[in-house]
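Peer 1: predicted structure and sequence below. I'll ask about it afterward.
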Amino acid sequence: MKTIRSLDDFPASLRGGAVAIGNFDGVHLGHARLIERLRAMADRVGGPAVVFTFDPPPTRLLRPQAAPEPLLRLERKIELLAALGADAVLVYPTNRRFLDIEARDFFDGVVRGRLAARAMVEGPNFFFGRNRSGNVKSLRRFCAEADMPFEVPEPVEAAGGIVSSSRIRALIAEGSVGEARTMLGRPHRIGGVVVRGAGRGAKLGFPTANLDRVDTLLPAHGIYAARAWIENGRHPAAVCLGPNPTFDEGETKIEAHLIGFNETIHEKPIEVDFLARLREIKRFHSAEELIEQMDRDVARTQEIVARETA
């Protein structure tokens, strides 16, 4: 799988295939169906399956105050798209000049010109061109005029509705990571770097890896059963996300207790999969009461992770 970051000198080996364009935030089950159809369309026309996405997403430039927190880091998005069957991911460095291209000029100059696309697959809510003037209806017309196959896959339904990045984002923001997982097809994952904390967890018998530099959407405050990924493998983890009212700390922190793990991993990368929300954060009257509750949190986490493994 190739990652391309420019339309200039687009490789000849990637021209003449099927193209899908979009943000693909979350790479959820709806995206999986779209990439499945893209793969089939590429095989039909005898060319590569090319995904065209953006960095940053156009909303960051057009409506920065309304731009949502991403569900995925770009590198993870590329990895997941490749796993679904994309031959190449074009990550376009979005700028205002590019966003000002008229819809017809974008189709003629980029889709048909630079990419030499012979087929397209898109989601039903796709917009493109200056002021989002192009949509699926106009794209279908452009493709028909160019004698190009065009397909809009049927939406995927899960958790009581159509799967979408906005629905997933709302569920994660309220802490419903299990329902979000149903639509993602996997647990919601965040990534960061382990930094030094106050060391209070270790004194209580529950040393924690404190995450920093997280640039994706965080679940609501709470205690979570999770799985942590570090250099030497994966570990069950009880995660506290939020403040620590028991010790009068109001700052939001991400503290992961890797169960059965005692190595020093400061400044090491770490990723955390959220499996289930165990409870809300609350103030305890004593350290002893907090320790008793943490013991219960760890036991429940171990049960959940064991079921996952089985």
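Peer 2: Arrived safely.
Peer 1: please count neighbours and contacts with C-alpha atoms only from this point.
Peer 2: Noted.
Peer 1: tell me, what residue is most central in the protein?
Peer 2: Nearest residue to the geometric centre of the chain (CA atoms, centre = their mean): residue 72, 2.6 Å.
Peer 1: so the nearest residue to residue 58 once chain neighbours are set aside is in which element?
Peer 2: Excluding the flanking residues, the one nearest residue 58 by CA to CA, 6 or more residues apart in numbering is residue 94, at 6.6 Å. Using DSSP states H and E, residue 94 sits within no helix or strand.
Peer 1: who's in contact with residue 94?
Peer 2: The neighbours of residue 94, taking CA atoms under 8 Å, 6 or more residues apart in numbering as the test, are 54-58.
Peer 1: of these, which belong to helices?
Peer 2: Under the assignment DSSP state H, these contribute residue 58 to helices.
Peer 1: out of the contacts of residue 94, which is nearest to residue 151?
Peer 2: The nearest member of the contacts of residue 94 to residue 151, counting by CA to CA, is residue 54 at 21.2 Å.
Peer 1: how many neighbours does the residue lying closest to the closest one once chain neighbours are set aside have?
Peer 2: Among residues not flanking residue 54 along the chain, residue 92 sits closest, at 4.8 Å (CA to CA, 6+ apart). Look at residue 92: counted by other CA atoms under 10 Å, it has 17 neighbours.
Peer 1: list the buried residues of the lengthiest helix in the chain.
Peer 2: In the chain, taking DSSP H as the definition, the longest helix is helix 287-309. Buried residues in helix 287-309, defined by neighbour count with 16 or more other CA atoms under 10 Å: 290-291, 294, 297-298, 300-302, 304-305.
Peer 1: residue 159: which of those is nearest?
Peer 2: residue 304 (20.4 Å).
Peer 1: just checking, the closest one touches residue 225?
Peer 2: Yes - in this structure, residue 304 is within contact of residue 225 by CA atoms under 8 Å, at 7.1 Å.
Peer 1: shared neighbours of those two, anything?
Peer 2: Joint contacts of residue 304 and residue 225 (CA under 8 Å, 6+ apart) are residue 275.
Peer 1: would you mind measuring from residue 118 to residue 176?
Peer 2: Per CA to CA, to the nearest Å, residue 118 is found 41 Å from residue 176.
Peer 1: what pLDDT, on average, does stretch 51-65 get?
Peer 2: Looking at stretch 51-65 alone, the average pLDDT works out to 92.
Peer 1: stretch 254-264 too?
Peer 2: 93.
Peer 1: can I get it as CSV, trimmed to CA atoms?
Peer 2: Output of stretch 254-264 as CSV, limited to C-alpha atoms (Å, rounded to 0.1, in the frame of the first residue of the first chain):
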residue,chain,number,x,y,z
ILE,A,254,-5.5,10.3,31.5
GLU,A,255,-4.1,7.7,33.9
ALA,A,256,-3.8,4.1,32.8
HIS,A,257,-3.0,1.4,35.3
LEU,A,258,-1.5,-1.4,33.3
ILE,A,259,-2.4,-4.5,35.3
GLY,A,260,0.6,-6.7,36.1
PHE,A,261,3.0,-4.3,34.4
ASN,A,262,5.8,-2.5,36.4
GLU,A,263,8.3,-1.3,33.9
THR,A,264,9.3,2.3,33.4
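Peer 1: tell me which of residue 118 and residue 176 has more neighbours.
Peer 2: residue 118 (25 against 19).
Peer 1: who touches the residue nearest to residue 54 in this structure?
Peer 2: Listed by CA under 8 Å, 6+ apart, the contact set of residue 92 reads 5-7, 52-55.
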